[in-house]
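next come a sequence and a model predicted from it.
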Amino acid sequence: MDVVDEIKAIVAAHPIVLFMKGTPEYPTCGFSDRAVKALQAAGATFHDVNVLADPRIRAGLPHYSNWPTFPQLFLLGEFIGGCDIVEDLHAAGELKRMAADVAGAAS
């Protein structure tokens, strides 16, 4: 399976996916940590992918999403954005609504 197909499969298999550096318990970058905290504060249940553990995904994801940095958030297969966008959505109350909508669509 090539890396694009692998990324598509991950995004299709989980309603909310955060591609990040490290894990939610041990983020290895401040931006990933901030995105995790915003998602958790919004009550989102999400699947995380540590891009540092798979160099193929780390190299391929920016081409797939057309976004150069990490973290990267996907909801229902759609690329949402990076840390700043996640934080802005959380501050506006939209992230909580989006996470609830995704949870409703997944059930």
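Arrived safely. Numbers count the residues shown, from 1 in each chain.

hey, let's count contacts and neighbours off CA atoms from now on
Noted.

could you check how far the residue most central in space within the chain is from Tyr26?
Among the residues of the chain, the one closest to the centroid is Leu18, at 1.9 Å (Cα atoms, centre = their mean). Relative to Tyr26, Leu18 is positioned 14 Å away (Cα to Cα, to the nearest Å).

send me the worst-scoring helix or strand of the chain on mean pLDDT as PDB with only the CA atoms.
The weakest-scoring helix or strand in the chain, judged by mean pLDDT, DSSP states H and E, is helix 94-106 (a mean of 87). C-alpha atoms of helix 94-106 as PDB (Å, rounded to 0.1, in the frame of the first residue of the first chain):
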ATOM      1  CA  GLU A  94     -17.200  25.600  16.900                       C
ATOM      2  CA  LEU A  95     -14.800  22.700  17.700                       C
ATOM      3  CA  LYS A  96     -17.200  21.400  20.400                       C
ATOM      4  CA  ARG A  97     -20.100  21.600  18.000                       C
ATOM      5  CA  MET A  98     -18.100  20.000  15.200                       C
ATOM      6  CA  ALA A  99     -17.000  17.200  17.500                       C
ATOM      7  CA  ALA A 100     -20.600  16.600  18.700                       C
ATOM      8  CA  ASP A 101     -21.800  16.600  15.000                       C
ATOM      9  CA  VAL A 102     -19.200  14.000  14.100                       C
ATOM     10  CA  ALA A 103     -20.100  11.900  17.200                       C
ATOM     11  CA  GLY A 104     -23.700  12.000  16.100                       C
ATOM     12  CA  ALA A 105     -22.900  11.100  12.500                       C
ATOM     13  CA  ALA A 106     -20.700   8.200  13.600                       C
END
